[in-house]
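J.: Turn this into a model:
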Amino acid sequence: QEYNPVCQHLQHDFVALRGLDQRHARVGARMGAVWTARDVACQLQDSATQLAFDRPIFHLASRSGWVNDPNGPLYWKGRYHLFYQHVGGSTSWTWGLCWGHASSSDLVHWQHHQTALNPTPGGHDADGCFSGCATIMPTAAASEQAAGQAPDSCNEVPVLLYTGVVKRPDRPKGLKPSSLAVSELCVERQLAAVAADPDDPCLLKWRKVHKPWLPQPPEGLCLNCFRDPFVLERPSTDNGHIWRIMVGAGIRDSDTGMVCAGDICHTQDVRNASGPTKVPAKAAGGFRADYPTERNAPARQAATGTALVYKSKHLLSGWVFEGHLCTARDREVDGVVWECPVMAKLPYLQTNTPAAMLQQGTSSTYQDRYLFSVSIGRSPAIYWLGQYVEGRFDINHATGPHPLDLGDLLYAPNLLTDPQGRVLLWGWLSELPNPGGLHDYAGCISLARQLQLSPEGYLHQQPVPELRQLRMEPSWTAATVTIAPGESRHIAAEVPASYFDLEVSLKPQPGSTSCTAGIVLPAWSAADTVNSRNGAAAAAASGSMTENQGAILVYDFASCQLSVIIGPGVGQEFSAAAAAPAGSSQATTASDSNNSSSDNGSQDVAAMLLARYTAAGSGSDGGASGVRQLGGQLRLSPFQPLKLRVLMDFSLLEMFTADGQTLSTRCYRGRWPTATNSSRSNILTSSIDSSISSNVAAGAAADSGYVTSGQDSSQAAAAAAEPAGSATAKGAPGGVWLLAFGSQVTAEDVGMHAMSSAWVDQAT
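T.: Model prediction:
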């Protein structure tokens, strides 16, 4: 009763509470301590705060539970709707997936709604409502085919198209669900649901159509996947008033002997199965019910990704298989299974190019280009740019495949063309193994991205302009910040370090032949992040001294290579120096004779950082450090300025370059250091490079406006601007650090803003 508020903070989530109990029991055992109720409550509060410091606040997600693919983006009666795969009360994928639902009037302020689709016991979706899309169709068609009558007051009605699944009674034991194995475990059918009240702008209630509009795959095709429908064409005078849709699939090689998607439909109705049923062995392309799971792993790779195309005069019936949109040319690169296929015609990026050239297509660069994207069982999703005509995408003359993101998260994107003609994209951003390992939620949806075609024929992605509405105080701006080679500058210390929007243009010194710039998002010391009466002792006992992650963004102006180094302790020496008590010395350099030069621009800075942090985090036993490197080459000319936008939302990092490339990943930075902690832990015995001078938190502020060493006033400002409901630790140094290697770097038009929560009220 005394610590009931802590339980309320955790929302009585029994999964999280069990994890807390087991985790802290282990810690107590290692410490040889007898844990009192107050001890447990203190640890509960600490873990609850940790939960708050990993959970994003301006990305779309459920209130708790599992989230994966975004589904059915839709604009209806002045509101944007986004659905997503959801399992309540779980932090991992499991059967019984629902469609979570949220809506917004402006793409940035979202409202939770009740789940839109739930599995129907005994129905075609008894074990899950898998991914799909949304569209609009005439009310008359809906009322003819849905159960009940649609209201007459609306001429159109929203419809959800999705894949319903029922587990096979003969499914192999021990086989874990995956992109390549799901069809071996369940039967997939294409289903629909119609808005029960089209006059409701929030679309809270949906009425399922009982009969599948696609009950099984085409005869004669042995597929490893039959799911994730997407509307290619709506009826128009140009296409003869027909609908076209595609469904994700993969064609198995004929000699694999593997199960084919939909096979069980020919032997029995799974909904009426009361127990395990022996399905007869089939000819080549079929399967046996008792085949060994492990032995078939290589056979699962013997397939070719494809998308099946159907057409019909009516959305909910009469579908005819037309053929394949296209198929993978190289299964190693293009994928053996195509999940969540999506396509859209891209509008042109507004430039100074004469409008007549754009409209008339006088250059091949400005011909109509379509984006076709698929997810192939590993992140990120991939895409092609090419021509689409009447159910066929010309993959042989398309450019690609390209990664849709330079990070390691983005998967299963979905698209919406809104009333303004903008093509908007959302993707699933999964969790990575979290050092803390304690959550009552998992996964979220990316920020809305606007897709356009650049004059050079590239995909251009940027966050929607509406996102700026979430900016709040404190903020920090500077026209110019100069970083000398081997120097670091701490900027925007008054801006919270965990929820911000940073824009900056980085320029190398004119005439330089070697130059690298960096931005540091430091890890916090684990000793500072344990807010309990056992302090650092508890952290040491739990083995968490280097769990908190940091990130360093590195850009080489010569090679145009963007890299992000992420992992435990990365950049921690910067936060330790900035947060050190007044008068103490926290230099970030060491007398390393092998790296005594202040000009290290000729080196591969990213490789150097990766090696040093990996060595620092591997430990005496030589175990894995958890440090990783992401990134790729940007579409810039050597020594061209880099314009960058960095959005940090607690554990989520999304980056956008001015040339339209993106990088999304996770960085579990943990809790901010507290003002009362005096111990400062530095994971490195040497600095990231001896070229970084000891003035990491100092410098001449007069001409640049950046904060130098004293942090008291900025900490107070950051604390005062905390978003409602966050458990922010006081006294944390905010902002970021800018680095330069090789030659001077100038940061121009720098702006950093705190970001507010995207959620406007309680769920409805």
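J.: Can you pull out the low-pLDDT segments for the stretch 201-350 of the chain?
T.: The stretch 201-350 of the chain contains residues with pLDDT under 70 at 264-296.
J.: could you say which helix or strand contains residue 297?
T.: Using DSSP states H and E, residue 297 falls within helix 297-300.
J.: can you pull the buried residues of that helix?
T.: Using 16 or more other Cβ atoms under 10 Å as the test for burial, helix 297-300 gives 299, 300. Every residue, glycine included, has its C-beta placed from N, CA and C.
J.: ok, now stretch 503-515?
T.: Neighbour counts over stretch 503-515 (16+ other Cβ under 10 Å) mark 503, 504, 506, 507, 508, 509, 512, 514, 515 as buried.
J.: and these, which two are the farthest apart?
T.: Farthest apart among these by Cβ to Cβ are 503 and 514. That separation is 25.9 Å.
J.: What helix or strand is residue 200 located in?
T.: Using DSSP H and E, residue 200 sits in no helix or strand.
J.: got any ranges where the chain has weak pLDDT?
T.: 1-53, 140-154, 264-296, 352-366, 434-438, 525-546, 576-603, 617-624, 671-733, 761-764.
J.: Not counting the helix holding residue 297 itself, show me its contacts.
T.: 180, 181, 224, 256, 257, 258, 336 (Cβ atoms under 8 Å, 6 or more residues apart in numbering).
J.: and after that helix, which helix or strand comes next?
T.: strand 303-312.
J.: partners of that next one, with directions?
T.: Strand 303-312 has its sheet partners listed here by DSSP bridges as strand 243-252 (antiparallel), strand 320-327 (antiparallel).
J.: Now render those as CSV, adding mean neighbour count and distance to residue 103.
T.: Converted to CSV, these look like this (neighbours: other Cβ atoms under 10 Å; distance: least, Cβ to Cβ, whole Å):
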stretch, mean neighbour count, distance to residue 103
strand 243-252, 26, 24
strand 320-327, 17, 31
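J.: closest one to residue 423 among those strands?
T.: Nearest to residue 423, of all these, is strand 243-252, at 17.0 Å by Cβ to Cβ.
J.: Dump the closest one to PDB, restricted to CA.
T.: Output in PDB follows, covering the C-alpha atoms of strand 243-252 (Å, rounded to 0.1, in the frame of the first residue of the first chain):
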ATOM      1  CA  TRP A 243      -9.900  -2.800 -58.900                       C
ATOM      2  CA  ARG A 244      -6.400  -4.300 -58.800                       C
ATOM      3  CA  ILE A 245      -4.700  -5.600 -55.700                       C
ATOM      4  CA  MET A 246      -1.500  -7.500 -55.000                       C
ATOM      5  CA  VAL A 247      -0.600 -10.000 -52.300                       C
ATOM      6  CA  GLY A 248       2.800 -10.800 -51.000                       C
ATOM      7  CA  ALA A 249       4.200 -14.300 -51.800                       C
ATOM      8  CA  GLY A 250       7.200 -16.400 -52.700                       C
ATOM      9  CA  ILE A 251       7.400 -19.300 -55.200                       C
ATOM     10  CA  ARG A 252       8.900 -22.400 -53.800                       C
END
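J.: Report the secondary structure state of residue 608.
T.: Under DSSP: H, G, I helix; E, B strand; the rest coil, residue 608 falls in the helix class.
J.: I misspoke; the intended subject was residue 615.
T.: Once three-state DSSP is applied, residue 615 turns out helix.
J.: now the helices: where do they sit in this structure?
T.: 4-9, 14-31, 37-54, 139-145, 182-185, 297-300, 331-334, 355-360, 526-529, 535-541, 572-578, 605-618, 712-720 (DSSP state H).
J.: Can you list the buried residues in stretch 203-213?
T.: Within stretch 203-213, the residues scored as buried using 16+ other Cβ under 10 Å are 203, 206, 207, 208, 209, 212, 213.
J.: quick one: the first one from residue 370, how far?
T.: Residue 203 sits at a distance of 29 Å from residue 370 (criterion: Cβ to Cβ, to the nearest Å).
J.: Likewise for the fourth one?
T.: If you measure residue 208 against residue 370 using Cβ to Cβ, the figure is 32 Å.
J.: Check the second one too.
T.: Taken as Cβ to Cβ, the spacing of residue 206 relative to residue 370 amounts to 30 Å.
J.: Please apply the same query to the third one.
T.: Taking Cβ to Cβ as the criterion, residue 207 is separated from residue 370 by 33 Å.
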